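Participant: Compute the structure for the input listed below.
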Amino acid sequence: MSAAIATLAYGVGILGLLALDHDRALRTSKALWIPVVWLFLEASRPVSLWLQMAPPSSADTYLEGSPLDRNVFLLLSMAAFVVLFCRRRRVGSFLRNNRALLLFFLYCGVSVLWSDYSDVAFRRWIKAVGELAVVLVVVTDAHPFDALKRLLSRVGFFVLPLSALFIKYYGDLGRDYRPGGFSGVWNTIYTGVTTDKNALGMITMIFGLAALWQILELRKTTDAPHRRRRTLAQAILLATACWLFWITNSMTSLSCSLAAGVLLVGTNSWAFFRKRAVVHILVVAFLCLSLGAIFVAPELLSIVERDPTLTGRTAIWNLVLDMTGNPLLGTGFESFWLGSRLQRMWSIYWWHPNEAHNGYLEVFLNLGWVGVALFAAVLVAGYRKILAAVRQREVAGSLMLAFFVAALIYNITESGIRELNPIWFVFLLAVIAVSRPSVIEGELHADMDELEDRVEPEPAFQHFAASDCVREQL
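Facilitator: Prediction:
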């Protein structure tokens, strides 16, 4: 099959998946397109790369970034802030229930003051705050769980099938080649719509888990309209994720998916798995297994045909720890991989790393022990809320637990605690989405029902009713 015919077939297939999954009963605002576009760009590649307008890779261009990409994300952030202003009462409720997260973001902003590149750090912090605003657009929707389902489906139906298309028919876009050591053989690396193998594994994990969750939810609603065709659409997406896992051989994302998938299926299907002690035991067991295989018994990695040094990650950890500036406060928000430190690492590694391949180490390098302590508070507070949502059988409780645990394990060997990273996006969703969203939605409907019972609209108030409809769309 030629690339042109394949592109047409995949395009029709993507539209078919969207049509199969469409449900008019799901009520979401038009503002949901802001997080859809944001997450799509995070899960694929920046606009400058899509348009082939990205500047050449160098330390200077990494420092300044792409003006086009910066402006695109700035516009999306501004649109998100406008929406949140219209929903300020609901936003306030969520923020009050996430004080630890707000304190962490506030400290990130303050750390800009002691960065060697304060202007760059400040721009990155603004982008990180914009990402938080985009997440709030999802959870403050009048129907937050409907918004969550549509967000994950809309993005997933594009990025995973397009990744398969790029890998099979557009090798210059969906594949990369790396030297395979002294043999002189070059290895094929599959990247799909992303820019590297690890990123492809990450988005496969995220949208694979989301598809599995939607299938489980549809299974429980036997009287839901169009249940079979929606299940078929999600099953196709899940099958695509499995194929991408098989071809990319991304062991980090695969292991995270298996651990998170066990928790997702268990807590969604059986009351036994929703017991507090059982969830604690499973989460601790998965973390201990991951940490033990890396730090205690690295020879276990050979069972899955992996290098005990994690493809040189341990050497990078030792190098960056020797370059630590202020261990208490760090180098400043997103400032470690800048200037002389970046140039030194790039002079050692030809593939130009820009992360420590460990999210917790990344927090330490940028924010010091103070940042590590604040982020630990975010983890504890978030886990407690997610566990409460699981035990109360909240609609998305099991998915939020899966995303939370996947992010915990993923950050052991990858850096996912940073702005414009899909695993950070879903981590924020997991922590914030369980901050009493069902209570807020219930209060909203109760207020609307009470108003409908007390007041019969007259023609003179039709203008105000129309204005309310406009605000609802935001």
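
Participant: Distance check, Leu399 against Thr222.
Facilitator: As judged by Cβ to Cβ, to the nearest Å, Leu399 and Thr222 stand 20 Å apart. Backbone N, C-alpha and C define where each C-beta goes, glycine included.

Participant: Looking at these two, which one has more neighbours?
Facilitator: Taking other Cβ atoms under 10 Å, Leu399 and Thr222 do not tie; Leu399 has more neighbours (33 against 7).

Participant: thought the more buried one was touching Leu216?
Facilitator: No: counting by Cβ atoms under 8 Å, Leu399 stays clear of Leu216, with 9.0 Å between them.

Participant: Identify the contacts common to those two.
Facilitator: Leu264 (Cβ atoms under 8 Å, 6 or more residues apart in numbering).

Participant: Now do the longest helix anywhere in the chain: which elements does it pack against?
Facilitator: Criterion DSSP state H: the longest helix present in the chain is helix 359-391. Applying 3 or more Cβ pairs under 8 Å, 6 or more residues apart in numbering; DSSP states H and E, we find helix 359-391 packed against helix 99-110, helix 276-291, helix 313-322, helix 397-413, helix 422-433.

Participant: got JSON lines for these, with mean pLDDT and distance to Leu264 too?
Facilitator: Formatted as JSON lines, these follow (pLDDT from 0 to 100; distance: least, Cβ to Cβ, whole Å):
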{"stretch": "helix 99-110", "mean pLDDT": "96", "distance to Leu264": "23"}
{"stretch": "helix 276-291", "mean pLDDT": "92", "distance to Leu264": "11"}
{"stretch": "helix 313-322", "mean pLDDT": "88", "distance to Leu264": "27"}
{"stretch": "helix 397-413", "mean pLDDT": "94", "distance to Leu264": "4"}
{"stretch": "helix 422-433", "mean pLDDT": "94", "distance to Leu264": "12"}
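
Participant: just to revisit the earlier point, report the angle between the axes of the longest helix of the chain and helix 422-433?
Facilitator: Using axes from the mean of the first three to the mean of the last three Cα atoms, to 10 degrees, one finds that helix 359-391 and helix 422-433 are set 40 degrees apart in direction.

Participant: May I see the buried residues of helix 359-391?
Facilitator: By 16 or more other Cβ atoms under 10 Å, the buried positions in helix 359-391 come out as 359-368, 370-372, 374-375, 378-379, 381-383, 385-387, 389-390.

Participant: and it, average pLDDT?
Facilitator: Helix 359-391 comes out with an average pLDDT of 95.

Participant: now the stretch 1-150 of the chain, which segments are flagged as low pLDDT?
Facilitator: For the stretch 1-150 of the chain, the stretches with pLDDT under 70 are 55-62.

Participant: how about a cut-off of 50?
Facilitator: Nowhere does the stretch 1-150 of the chain drop to pLDDT under 50.

Participant: For it, just list every one of the helices.
Facilitator: 3-21, 33-43, 47-50, 59-64, 67-86, 88-96, 99-110, 118-139, 144-169 (DSSP state H, counting those that start in this stretch).

Participant: Show me what stretch 9-28 is in contact with.
Facilitator: 1, 141-143, 146-147, 149-150, 153-154, 157-158, 161-162, 164-165, 224-226, 229-230, 232-234, 236-237.

Participant: Tell me which of the helices of the stretch 1-150 of the chain lies nearest to Trp351.
Facilitator: Closest approach to Trp351 among the helices of the stretch 1-150 of the chain is made by helix 59-64 (13.5 Å; Cβ to Cβ).

Participant: Skip the chain neighbours and tell me the closest residue to Asp146.
Facilitator: Excluding the flanking residues, the one nearest Asp146 by Cβ to Cβ, 6 or more residues apart in numbering is Leu26, at 4.2 Å.

Participant: Name all residues that make contact with Asp196.
Facilitator: If a contact means Cβ under 8 Å, 6+ apart, then Asp196 has 176, 189 as its contacts.

Participant: how about 10 Å then?
Facilitator: 176, 178, 189-190, 202, 250, 351 (Cβ atoms under 10 Å, 6 or more residues apart in numbering).

Participant: for those residues, which one is nearest Asp119?
Facilitator: Set against Asp119, the nearest of these by Cβ to Cβ is Trp351 (27.6 Å).

Participant: The closest one and Leu264, how far apart?
Facilitator: 34 Å.

Participant: Sheet partners, orientation included, of the host helix or strand of Thr188?
Facilitator: Using DSSP states H and E, Thr188 sits in strand 186-190. According to DSSP bridges, strand 186-190 forms sheet pairs with strand 175-179 (antiparallel).
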